[in-house]
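Student: Generate a structure from the sequence data that follows.
(2 chains)
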There are 2 protein chains.
Amino acid sequence: MRVDSCPLCQRANEKVLWQSDDLRVIAVDDANYPGYCRVIWNDHVGEMTDLKESDRGNLMRIVFVVETGLRKILRPTKINLASLGNQVPHVHWHVIPRFTDDPTFPGAIWAPAVRGVTSERTLNWAEFSAWLDDQLGRSRAK
Amino acid sequence: MRVDSCPLCQRANEKVLWQSDDLRVIAVDDANYPGYCRVIWNDHVGEMTDLKESDRGNLMRIVFVVETGLRKILRPTKINLASLGNQVPHVHWHVIPRFTDDPTFPGAIWAPAVRGVTSERTLNWAEFSAWLDDQLGRSRAK
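Tutor: Sure, this is the predicted structure:
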């Protein structure tokens, strides 16, 4: 996939919660999965092992800060982490709070739904964004 | 889930490729996904952020060595990494080489299949296990 056709390079319609020169944390607005975030490496790199070790470590550090915040605020049953990229081979991590009453639990969110949305749980993105600033230092302009 | 009912604590029928005191790399024998490995933390810990930072770093280092080896040997279209644990909340990573002709590509492997197995690709586990020994130092008894 070329950079000019890569949606993660184009950054269309992203709700950025926190960002540095290297990466950004965005909100995934999905009523099925409140608090679902993605952590996206800014450069168009395909695999984690294409990154140099220090960048890889820095990216994982941010993923785990996001996990920590989501656990603290939402108290999910489980956190799911995934770096797939089969459709968009540009390194990005899914950080997904899971609840026993969400549509696919205990399957992966990519499995067929076994129930409808049964919760009105939400995450206040502005508060979570401010929490990330507190943990990680002030974000570049969001 | 209690330790005595946790399949990852029980270690039933595991084909161990490499292991240390802290973790093990096992082969997942799935004809749909040649080279599919899991990296399992030995202790019964639920989330990555329940591990101390040094342990988390060490676990990710091994995940990325497995990714490196699978890329080198199988040359997959993509590597998928995932830590879900909704059914077995004991930290483990799926490391899955993906190919355009596998049953679910470009979806996640947990999505419904869109084709049958169309390849006879295989990974020689004994060779991969030896490669891990070379990279990581001699394994504890496998």
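
Student: Quick check: residues of chain A near chain B?
Tutor: Chain A comes close to chain B at residues A:46-49, A:56-57, A:60, A:64, A:67-68, A:71, A:77-87, A:89, A:98, A:105-108, A:110-112, as judged by Cβ under 8 Å from any Cβ of the partner chain. Backbone N, C-alpha and C define where each C-beta goes, glycine included.

Student: Just the buried subset of those residues, written out for ChimeraX, thanks.
Tutor: The buried subset of the residues of chain A next to chain B, as determined by 16 or more other Cβ atoms under 10 Å in any protein chain shown, is captured in ChimeraX by this line:
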select /A:46,47,48,49,56,60,64,67,68,71,77,78,79,80,81,82,83,84,85,86,89,98,105,106,107,108,110,111
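
Student: Pick out the residue nearest the middle of chain A.
Tutor: The C-alpha lying nearest the average C-alpha coordinate of chain A belongs to A:Arg38 (Cα atoms, centre = their mean; 1.8 Å).

Student: what's the longest helix belonging to chain A packed up against?
Tutor: Of all the segments of type helix in chain A, defined by DSSP state H, the longest one is helix A:53-74. Helix A:53-74 is packed against strand A:23-27, strand A:37-41, strand A:78-83, strand A:92-98, helix A:125-136, helix B:53-74, with contacts defined by 3 or more Cβ pairs under 8 Å, 6 or more residues apart in numbering or on different chains; DSSP states H and E.

Student: Give me the neighbour count for A:Asp21.
Tutor: A total of 7 residues lie near A:Asp21 under the criterion other Cβ atoms under 10 Å in any protein chain shown.

Student: Need the three-state assignment for it.
Tutor: Each residue gets one of three states, and A:Asp21 gets coil by DSSP: H, G, I helix; E, B strand; the rest coil.

Student: contacting residues for it?
Tutor: For A:Asp21, the contacting residues are A:Asn42, A:Arg140, taking Cβ atoms under 8 Å, 6 or more residues apart in numbering or on different chains as the criterion.

Student: measure it to B:Ser129 for me?
Tutor: Going from A:Asp21 to B:Ser129 by Cβ to Cβ, to the nearest Å gives 40 Å.

Student: And for A:Gln19?
Tutor: With distances defined as Cβ to Cβ, the gap from A:Gln19 to B:Ser129 amounts to 41 Å.

Student: Dihedrals phi and psi, the closest residue to A:Val45 other than its chain neighbours?
Tutor: With sequence-adjacent residues excluded and distances taken as Cβ to Cβ, 6 or more residues apart in numbering or on different chains, A:Val45 is closest to A:Val91, at 5.1 Å. Backbone dihedrals for A:Val91, given as degrees, to the nearest 10, come out at phi -50, psi 120.

Student: what does the average pLDDT come to for the helix or strand A:Leu8 falls within?
Tutor: With elements delineated by DSSP states H and E, A:Leu8 resides in helix A:7-10, which encompasses its position. Here the mean pLDDT over helix A:7-10 is 96, rounded to a whole number.

Student: that older thread, in CSV: the helices and strands packed on helix A:53-74, plus mean pLDDT and distance to A:Glu14.
Tutor: Shown next, in CSV, are the helices and strands packed on helix A:53-74 (pLDDT from 0 to 100; distance: least, Cβ to Cβ, whole Å):
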stretch, mean pLDDT, distance to A:Glu14
strand A:23-27, 98, 5
strand A:37-41, 98, 8
strand A:78-83, 98, 18
strand A:92-98, 98, 11
helix A:125-136, 97, 12
helix B:53-74, 98, 26
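
Student: nearest to B:Asn13, of the ones you listed?
Tutor: Distances from B:Asn13 to each of the helices and strands packed on helix A:53-74 were compared using Cβ to Cβ; the minimum, 19.8 Å, belongs to helix B:53-74.

Student: Using PDB, list the CA coordinates for the closest one.
Tutor: What follows is helix B:53-74, C-alpha atoms only, in PDB (Å, rounded to 0.1, in the frame of the first residue of the first chain):
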ATOM      1  CA  GLU B  53       7.600  -3.200  33.600                       C
ATOM      2  CA  SER B  54      10.800  -5.300  33.200                       C
ATOM      3  CA  ASP B  55       8.700  -8.500  32.800                       C
ATOM      4  CA  ARG B  56       6.500  -6.800  30.300                       C
ATOM      5  CA  GLY B  57       9.500  -5.700  28.300                       C
ATOM      6  CA  ASN B  58      11.000  -9.100  28.400                       C
ATOM      7  CA  LEU B  59       7.800 -10.700  27.200                       C
ATOM      8  CA  MET B  60       7.400  -8.300  24.300                       C
ATOM      9  CA  ARG B  61      11.100  -8.900  23.400                       C
ATOM     10  CA  ILE B  62      10.400 -12.600  23.000                       C
ATOM     11  CA  VAL B  63       7.200 -11.900  21.000                       C
ATOM     12  CA  PHE B  64       9.200  -9.800  18.600                       C
ATOM     13  CA  VAL B  65      11.900 -12.400  18.300                       C
ATOM     14  CA  VAL B  66       9.200 -14.900  17.300                       C
ATOM     15  CA  GLU B  67       7.900 -12.400  14.800                       C
ATOM     16  CA  THR B  68      11.300 -11.900  13.400                       C
ATOM     17  CA  GLY B  69      11.900 -15.600  12.900                       C
ATOM     18  CA  LEU B  70       8.500 -16.300  11.400                       C
ATOM     19  CA  ARG B  71       9.000 -13.400   8.900                       C
ATOM     20  CA  LYS B  72      12.500 -14.700   8.000                       C
ATOM     21  CA  ILE B  73      11.400 -18.300   7.500                       C
ATOM     22  CA  LEU B  74       7.900 -18.000   6.100                       C
END
